[in-house]
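> quick one, what's the 3D model for this:
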Amino acid sequence: MSSALSYVLAEPVAIEATRIDVLCLDVLCLDVLRLSEAAHAVAAELFRACQTP
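Alright, predicted model coming up:
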């Protein structure tokens, strides 16, 4: 994976982004964050359930 990343970073890439593109990216990041928080909450609940005798 690092070699692919190195290849991508080795060559300049022109990116055209509109406000809508950036907004969609922000929403996607927030969705991923919410999913991560939800997964963490579920894992914590499972951990607590396993600790209860």
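> show me the shaky parts of this structure.
In the predicted model of the chain, residues 1-15, 17, 53 satisfy pLDDT under 70.
> all helices of it, in order?
2-10, 19-51 (DSSP state H).
> mean neighbour count for those - can I get that in CSV?
For the C-beta atoms, the positions are set from N, CA and C on the backbone; glycine is no exception. CSV is the format used below for the helices of the chain (neighbours: other CB atoms under 10 Å):
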stretch, mean neighbour count
helix 2-10, 8
helix 19-51, 10
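> now Asp21: how far from Val27?
To Val27, Asp21 is 11 Å away according to CB to CB, to the nearest Å.
> next one: Thr52
38 Å.
> likewise Glu37?
As defined by CB to CB, Glu37 lies at a distance of 16 Å from Val27.
> same deal with Ala44?
Noted for Ala44: a distance of 26 Å to Val27, by CB to CB.
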